[in-house]
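Q: Predicted model and sequence follow; I will ask about them next.
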Amino acid sequence: MLEQLRSLEEEALAALAAVNDPEALKEWRVRYLGRRGALTTLMRGLGKLPPEERPQVGQAANRVKRALEEAFAEREAAIKAAELEAQLAAEAVDVTLPGRPVALGRLHPTTQSLRRIYEIFSDMGFQIYDAREVEYDEYNFGLLNMPPHHPARDMWDTFWINDRVLLRTHTSPGQIHAMREFYPNPIRVILPGKCYRYEQVTARSEFMFYQVEGLVVGRNITMADLKGTMENFVRRMYGGERRMRLRGSYFPFTEPSVEVDVDCVLCGGKGCRVCKYTGWLEVAGAGMVHPIVLRNGGYDPDEFTGYAFGMGVERPAMLKYRIDDIRYFYSNDPRFLAQI
Ligand code: DAH
């Protein structure tokens with residue numbers, strides 16, 4: 001029986017060495033260590049041995065059993081490790097692979113232009129005041145010194161909602177809202193926002209565009225304040241070397257009225273197609289707030305004076321980036337938007 005045990009151990013260990021997968025491992029265990037396995041069967045014969053042989057054979061049998069169990073555990077661990085390794089290799093992630101680029105959003109060119117304007121006027125102590133886009137005709141025209149049938153109304157082609165309500169054609173009606181809110185305090189605000197005009201859409205004009213209005217009201221405000229403010233704005237917006245001029249003009253809500261011109265950023269004043277060979281570009285309308293408009297806002301024109309201005313927002317961006325068609329701004333083409 002000792003001989004049988006030895007050859008069983010040998011056979012079992014040899015068979016185990018050939019086992020390479022969990023399935024075969026399980027079969028091996030059933031065959032050699034199972035309840036009806038070879039070793040168990042052999043050990044059942046123990047009882048038939050003469051009593052004096054039993055202890056020795058019993059010890060040997062137990063040793064073989066432990067040896068096989070140990071060998072099994074070792075093999076099992078080895079197979080598991082190999083499996084894990086194979087799985088790791090199969091599922092390996094190459095962390096050195098460059099990531100996929102994330103598409104970054106950006107600010108719309110109009111927003112960039114607006115924020116630059118806000119920055120410059122904030123530095124000069126201006127607050128930003130929001131006013132409505134849907135207006136009464138009274139605010140858009142009447143209170144700005146353009147009563148019904150005033151010929152100056154023809155300067156703005158209007159989208160009417162009904163015979164009293166319209167889409168504002170300029171940001172100037174915000175002046176009245178600001179004055180009525182701030183009276184009797186001094187005012188220094190800019191009023192940015194969308195304006196609408198019932199116009200043929202072309203490379204030069206959209207039916208919707210942005211303006212930034214400015215309004216300053218106080219005691220002893222003069223044209224010199226307007227000029228200084230505009231000069232500072234122009235230099236910071238268009239470059240320190242720029243020259244500015246005020247040219248007499250007409251608006252119903254300012255008296256006197258001017259156009260603010262800057263020497264052409266493209267030709268430096270020599271004359272080119274962009275400035276129509278004048279050497280100058282128009283950047284804003286402006287003037288001293290008309291006494292009637294001051295009064296409509298609640299301010300006594302004998303005590304208060306003020307200046308106002310209104311400028312485009314897309315136009316400076318067009319000059320800066322040489323955009324030759326205003327329609328690009330609001331046609332939502334990312335190929336255009338991604339360039340600026
Ligand atoms: N509202 C004028 C326009 O849309 C621009 C303008 C001119 C605004 C003179 C002003 C101003 O405040 O004083 O054409």
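A: All right, it came through fine. Residues are numbered from 1 along each chain as shown.
Q: Could you count how many residues lie near A18?
A: Neighbours of A18 under the rule other C-beta atoms under 10 Å: 8. C-betas here are computed from N, CA, C, even on glycine.
Q: how much space between the residue lying closest to it once chain neighbours are set aside and E76?
A: The shortest distance from A18 to any non-neighbouring residue, by C-beta to C-beta, 6 or more residues apart in numbering, is to A24 (8.0 Å). Per C-beta to C-beta, to the nearest Å, A24 is found 11 Å from E76.
Q: again with K26
A: For K26, the distance to E76 - C-beta to C-beta - is 10 Å.
Q: Would you mind telling me which of those two has the busier surroundings?
A: E76 (16 against 13).
Q: and the helix or strand harbouring A224, does that touch the ligand?
A: In the assignment (DSSP states H and E), A224 maps to helix 223-238. No: applying C-beta under 6 Å from any ligand atom, one finds helix 223-238 separated from the ligand by no less than 9.0 Å.
Q: right, and the helix or strand after that helix?
A: strand 244-251.
Q: For that next one, which helices and strands make contact with it?
A: Helices and strands touching strand 244-251, by 3 or more C-beta pairs under 8 Å, 6 or more residues apart in numbering; DSSP states H and E, are helix 223-238, strand 254-263, strand 280-289.
Q: just the ones you listed: most buried one?
A: Across these, averaging neighbours per residue (mean count of other C-beta atoms under 10 Å) puts strand 280-289 on top, at a mean of 22.
Q: how far out from the middle of the chain is it?
A: Chain-centre distance of strand 280-289: 34 Å, with C-alpha atoms, centre = their mean, to the nearest Å.
Q: Stretch 191-206 too?
A: Centre-to-centre, stretch 191-206 and its host chain are 26 Å apart (C-alpha atoms, centre = their mean).
Q: what's the closest residue to the ligand within the stretch 151-300 of the chain in contact with, if anything?
A: Taking C-beta to the nearest ligand atom as the measure, the stretch 151-300 of the chain has G285 as its residue closest to the ligand, at 2.6 Å. G285 is in contact with S249, F251, T254, S257, V258, E259, V260, F309, G310, M311, counting by C-beta atoms under 8 Å, 6 or more residues apart in numbering.
Q: and K26, which of the three is it?
A: For K26, the assignment made with DSSP: H, G, I helix; E, B strand; the rest coil gives helix.
Q: circling back to that earlier point, dump the helices and strands packed on strand 244-251 into CSV; add distance to H149 as well.
A: Output for the helices and strands packed on strand 244-251, formatted as CSV (distance: least, C-beta to C-beta, whole Å):
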stretch, distance to H149
helix 223-238, 30
strand 254-263, 20
strand 280-289, 22
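Q: nearest to H170, of these?
A: Across the helices and strands packed on strand 244-251, H170 has its closest neighbour in strand 280-289 (9.0 Å, C-beta to C-beta).
Q: So in that sheet, which strands flank the closest one, and in what orientation?
A: strand 254-263 (antiparallel), strand 305-312 (antiparallel) (DSSP bridges).
Q: Of the ones you listed, which is nearest T169?
A: strand 305-312 (11.0 Å).
Q: Tell me the helix or strand right after that closest one.
A: Beyond strand 305-312 on the C-terminal side, the first helix or strand identified by DSSP H and E is helix 314-321.
Q: could you say what helices and strands that next one packs with?
A: helix 109-123, strand 280-289.
Q: With mean pLDDT as extra columns, can I get the ones you listed in CSV?
A: Listed next are those as CSV, based on pLDDT from 0 to 100:
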stretch, mean pLDDT
helix 109-123, 96
strand 280-289, 96
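Q: Name the residues of stretch 3-16 that are buried.
A: L5, L8, E9, A12, L16 (16 or more other C-beta atoms under 10 Å).
Q: So which of the residues you listed are in strands?
A: Under the assignment DSSP state E, those contribute nothing to strands.
Q: I am finished for the moment; much appreciated.
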